[in-house]
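Student: predicted model follows, preceded by the sequence.
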Amino acid sequence: MPTVSVPDTGNLRSDVLLLLNELNEMLHQIGPKTIHGLMSVVSDIPFSDILNLRRTNTMTVILDRAIERGEIRPEKVTPRITRLPVDLVRHELLITLEPVSMKTIEEIVDEIFLPLLK
């Protein structure tokens with residue numbers, strides 16, 4: 001299973017966009033039908049564990065760097081908000097069965113995720 005790297009561009013938005021694009025590509029390579037099949041067969045294991053998609057640690061590193069740079073307020077960072085961008089990209093792919101467009105990824109980051117951290 002490919003791993004997702006931790007981007008470090010010096011900018012929260014850029015880091016999250018790079019992470020989500022890499023995740024999107026990985027999910028697309030696996031394929032939504034394969035993912036749906038795994039979900040139906042392995043029902044006693046969380047979906048994120050099946051695909052090693054617990055990107056909380058990666059996103060935590062990205063968010064910690066952004067806090068250090070003063071880009072976001074630390075009290076706004078919660079476990080649910082930390083998981084949100086990855087969850088939304090994964091959900092989009094599984095619902096549409098298509099790779100998530102750059103426009104959609106930018107909307108997730110700019111209109112949903114970043115405003116929650118300001």
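Tutor: Received, thanks.
Student: alpha carbons only for contacts and neighbour counts from here, please
Tutor: Will do.
Student: any weak-confidence spans in this protein?
Tutor: Scanning the chain for pLDDT under 70 picks out 1-5, 33, 35-56.
Student: give me the most central residue, it.
Tutor: Nearest residue to the geometric centre of the chain (Cα atoms, centre = their mean): residue 86, 2.1 Å.
Student: element containing that residue?
Tutor: helix 79-96 (DSSP states H and E).
Student: need the helices for this protein, in chain order.
Tutor: Secondary structure of the chain, counting by DSSP state H: helices at 12-30, 32-41, 47-50, 56-69, 79-96, 102-107, 114-117.
Student: what's the separation between the closest residue to residue 7 other than its chain neighbours and residue 95?
Tutor: Leaving aside its sequence neighbours, residue 7 sits nearest to residue 15 (Cα to Cα, 6 or more residues apart in numbering; 5.2 Å). For residue 15, the distance to residue 95 (Cα to Cα, to the nearest Å) stands at 25 Å.
Student: wait, residue 28 touches residue 99, no?
Tutor: Yes: counting by Cα atoms under 8 Å, residue 28 touches residue 99, with 5.7 Å between them.
Student: what do those two both touch?
Tutor: residue 93 (Cα atoms under 8 Å, 6 or more residues apart in numbering).
Student: more crowded one of residue 15 and residue 95?
Tutor: Ranked by neighbour count (other Cα atoms under 10 Å), residue 15 and residue 95 place residue 15 first, with 19 against 10.
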